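Engineer: Below is the structure, and that's it, no one-letter string:
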């Protein structure tokens, strides 16, 4: 055997031995990558309402997630828990989501966000629908630098109070007495009163704040408004008022009181007018926050955003029933009219 032949045989043997060693060490074939785990998102809802009523907001959130490149069932799963208006259930529902655990929690309504924050200081929480300043409730250090595990969109609906009073004055130029219902159990309603009083004073309107604690108080509150010769009514969103929405709208019609409300679904349900931030836009925006967090951003560093899309919905059918003609100044501002 020639020297060249022996060298080739030796090289072949060494190559085969090397492959055998690599195979024995498990390096011959690279391991398959682990399948990507779908992110688990928790949704905690404060208010009462059917799945059909909440569907537009949920659809808006899904659209927002899709725009960020996330498909439900493939890239994320959504775990929903609703207190159905019973706020005492929120702490337990929040704890349930934390124990799953979820990667990000989405809070709908101030009570839900407070419950979520009380349940965890580590899981990121995204606000989807809060009508007051989260700084006032210790949820964030500031809107620009939240500083903790809470961020998202804050509708700051309390800041729209003055506009609602002004709209009633445009509707009824001679308006001198205005009734305002206050849900004394709602932490956000105090700010509404503080915002309404100076605007009413400037417009020459006497404001009658009527506290409501339970459903049994509603009849008495309307009777008190009539005794005070109130010519219009102001009602803001709270879990309690949302639960009793149908009854409040019926009593307003019965007592012939033009009213403006803080959520669009009140006008859709027969209320005269509603002025509010666009909820669907807020939920779409919430998806942007969720996406950033899933990609590694810290809630503490993501500034809380305020809405820039607002809605004025006018129910013309209710106006006709009340014998009212909606002035052009209001119709020109309306984003939607209901016939």
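Structural biologist: Happy to help now that I have it. This is a predicted model, so every value here is computed, not measured. Numbering: from 1, shown residues only.
Engineer: contacts and neighbour counts: CA atoms only from here.
Structural biologist: Noted.
Engineer: Touching stretch 244-259 from outside, list them.
Structural biologist: Stretch 244-259 is contacted by residues 168, 215, 218-219, 222, 226, 231-235, 241, 266, 269-273, 322 when judged by Cα atoms under 8 Å, 6 or more residues apart in numbering.
Engineer: Please apply the same query to stretch 97-116.
Structural biologist: 39-47, 79, 87, 90-91, 94-95, 119-120, 123-132, 139, 188, 290, 293-294.
Engineer: Just to be sure, which of the residues you listed are found in strands?
Structural biologist: Using DSSP state E, the members of those that fall in strands are 39-45, 79, 125-129.
Engineer: Columns neighbour count on top of those, output as CSV?
Structural biologist: Listed next are the ones in strands among the contacts of stretch 97-116 as CSV, based on neighbours: other Cα atoms under 10 Å:
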residue, neighbour count
39, 18
40, 18
41, 20
42, 24
43, 24
44, 25
45, 28
79, 15
125, 29
126, 27
127, 28
128, 31
129, 28
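Engineer: what's the closest of those to residue 195?
Structural biologist: Relative to residue 195, the closest of the ones in strands among the contacts of stretch 97-116 is residue 129; by Cα to Cα it sits at 19.5 Å.
Engineer: show me the contacts for the closest one.
Structural biologist: Listed by Cα under 8 Å, 6+ apart, the contact partners of residue 129 are 107, 108, 109, 110, 153, 154, 155, 279, 282, 283.
Engineer: Would you agree residue 286 is in contact with residue 126?
Structural biologist: Yes. In this structure, residue 286 is within contact of residue 126 by Cα atoms under 8 Å, at 6.6 Å.
Engineer: what's the overlap in contacts for those two?
Structural biologist: Contact criterion Cα under 8 Å, 6+ apart; residues bridging residue 286 and residue 126 by contacting each: 152, 153.
Engineer: mind listing what's buried in the strand or helix carrying residue 330?
Structural biologist: Assigned by DSSP states H and E, residue 330 belongs to helix 328-331. Of the residues in helix 328-331, those buried under the neighbour-count criterion (16 or more other Cα atoms under 10 Å) are residue 330.
Engineer: List of residues touching that helix?
Structural biologist: 167, 170, 171, 314.
Engineer: Counting only helices, which of the contacts of residue 129 make the cut?
Structural biologist: Of the contacts of residue 129, the ones assigned to helices by DSSP state H are 110, 279, 282, 283.
Engineer: contacting residues for the second one?
Structural biologist: Put plainly, it is residue 279. Applying Cα under 8 Å, 6+ apart to residue 279 gives the contacts 57, 129.
Engineer: one more time with 10 Å, if that's ok
Structural biologist: Residues near residue 279 by Cα atoms under 10 Å, 6 or more residues apart in numbering: 56-57, 60, 128-130, 155, 263-264, 285, 307, 309-311.
Engineer: Whichever of these end up buried, select them in ChimeraX.
Structural biologist: Of the contacts of residue 279, the buried ones go into a single ChimeraX selection, burial set by 16+ other Cα under 10 Å:
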select :57,60,128,129,130,155,263,264,285,307,310,311
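Engineer: So which of the contacts of residue 279 belong to helices?
Structural biologist: The helices, defined by DSSP H, take in 56, 57, 60, 264, 285 from those.
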